[in-house]
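1. Following is a predicted model, sequence given first.
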Amino acid sequence: MRVLVFSLDGVFDTGMAVVLDVLRMANGLSALARPGEPPAFEVELVGLQSRIRTALGMSVAAKKARTAPLPDWVVMPAISAATPATLVECLERPAVREAGAVLRGWQGEGVHIAAACIGTFLLAESGLLAGEEATTTWWLSPLFRSRYPEVRLDQDRMLVPSGPFVTAGAAMGHLDLALWLVRQASPELATLVARYMLVDGRVSQAPYIIPDHLAHSDPLIERFERWTRANLARGFSLQEAARELATSPRTLQRRAEAVLGKSPLSYFQDRRVERARHLIETSSMDLDAIAAQVGYADGATLRTLLRRRLGRGVRELRAG
């Protein structure tokens, strides 16, 4: 499999390095298992110019993307941007438009394209993700939704294959993405690489999401988040929530979908689970008492919900 790692100036050093390291480790382990056979991956770093300047200021040699032989896969690592405002500035750079043209040219030739973290924004800027499913770094999901409404975003998933594309979540999602590529060549090799690199399987970003961070990107949703925390023990009513927040149910529903990617009810239920998990892990309260605090009838109901939503039982949560 021929893979080009397509990096722009300001690339997130760890993201670029992780992709290269995983693929090269896969080649090394493959060579040990099958001496004399060609490597599983032909890997090359490419850029718009012959040198890439990373976010940490290092200068790295690269082949020019437009002259590189046609690959099977292109991987787009993230650029480094600390805030939505700085990311928007980065996305307005001429280099991003040029990169989009290169990506469209590759895709027109049947090349598959992968991106992780903020690299998903670079792919979306090209227009290629229109109508596709995707994920992105969870803390920038409100910006992604507002900037690319034609993309079907699922911020909870760690990896989302969709047509000729695959996208991965925040920062270390580069690692998950690289292992996914190895798995396409050999599931056994991917498992071996993961064991050598001490990588646990992660199918979701959801346990890592900080709801307050997302909510604070919109004044109404920030007020709704505070209302939610104060009312976890009560049953949820969209009409009551909207009335107390001085808005309409339709507006609250629409803003929650736009900012959080889910309905107000789903968000409310997520916060119940989050609060219950916190109490289980940090207190000695029995499960019935915890259930009462987060609005469930009894501990048995909560136990079933935790297992379904988190994939872990109470005993596992308390064991850490």
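-> Yep, it's here.
2. Can you name the residues that contact the one residue sitting closest to the centre of the chain?
-> The chain has residue 169 as the residue nearest its centroid, 1.6 Å off, counting by C-alpha atoms, centre = their mean. Going by C-beta atoms under 8 Å, 6 or more residues apart in numbering, residue 169 touches 116-117, 135-138, 155, 157-159, 176, 205. The C-beta positions use only the backbone N, C-alpha and C, and glycine is treated the same way.
3. Next, it: phi, psi?
-> Backbone torsions for residue 169, taken as degrees, to the nearest 10, come to phi -80, psi -160.
4. how close does it get to residue 277?
-> 20 Å (C-beta to C-beta, to the nearest Å).
5. Check residue 113 too.
-> From residue 113 across to residue 277, the span is 36 Å (C-beta to C-beta).
6. What of residue 213?
-> Separation of residue 213 from residue 277 (C-beta to C-beta) stands at 18 Å.
7. So which bits of the longest helix anywhere in the chain are buried?
-> Looking across the chain with DSSP state H, the single longest helix is helix 13-33. Neighbour counts over helix 13-33 (16 or more other C-beta atoms under 10 Å) mark 13-23, 25-27, 29-30 as buried.
8. same check, this time on stretch 239-251
-> Neighbour-count burial for stretch 239-251 flags 241-242, 245, 247 (criterion: 16+ other C-beta under 10 Å).
9. Surely residue 295 is within a strand?
-> No: counting by DSSP: H, G, I helix; E, B strand; the rest coil, residue 295 falls outside a strand, being coil.
10. Quick check: end-to-end length of stretch 175-193?
-> Its start and end residues considered, stretch 175-193 measures 11 Å (C-alpha to C-alpha, to the nearest Å).
11. Tell me which helix or strand residue 36 sits in.
-> In the assignment (DSSP states H and E), residue 36 maps to no helix and no strand.
12. and the gap between it and residue 30?
-> 11 Å.
13. Pretty sure residue 22 sits against residue 192.
-> No: look at residue 22 against residue 192 with C-beta atoms under 8 Å: they stay out of range, at 11.6 Å.
14. worst-scoring helix or strand of this protein, pLDDT-wise?
-> Using mean pLDDT, DSSP states H and E, the weakest-scoring helix or strand in the chain turns out to be helix 211-215, at a mean of 73.
15. Pull the residues that contact whatever helix or strand comes next after it.
-> Counting by DSSP H and E, the next helix or strand C-terminal to helix 211-215 is helix 219-230. Contact with helix 219-230 is made by 211-212, 214-216, 241, 244-245, 247, 251-252, 255-256, 259-260, 264, 267-268, 271, 275, as judged by C-beta under 8 Å, 6+ apart.
16. Now, of these, which are buried?
-> 211, 214-215, 241, 245, 247, 252, 255-256, 259-260, 264, 267-268, 271, 275.
17. Helices of the stretch 1-150 of the chain, residue ranges please.
-> Assigned by DSSP state H, counting those that start in this stretch, the stretch 1-150 of the chain shows helices spanning 13-33, 84-91, 94-108, 119-125, 141-147.
18. Residue 67 is nearest to which of those helices?
-> Across those, residue 67 has its closest neighbour in helix 94-108 (11.0 Å, C-beta to C-beta).
19. Give me the contacts around the closest one.
-> Applying C-beta under 8 Å, 6+ apart, the contact partners of helix 94-108 are 6, 8-9, 48, 65-66, 70-71, 74, 76, 90, 113, 122-123, 125-128, 164.
20. Let me know the angle separating that helix from helix 84-91.
-> Put simply, helix 94-108 runs at 70 degrees to helix 84-91, going by axes from the mean of the first three to the mean of the last three C-alpha atoms, to 10 degrees.
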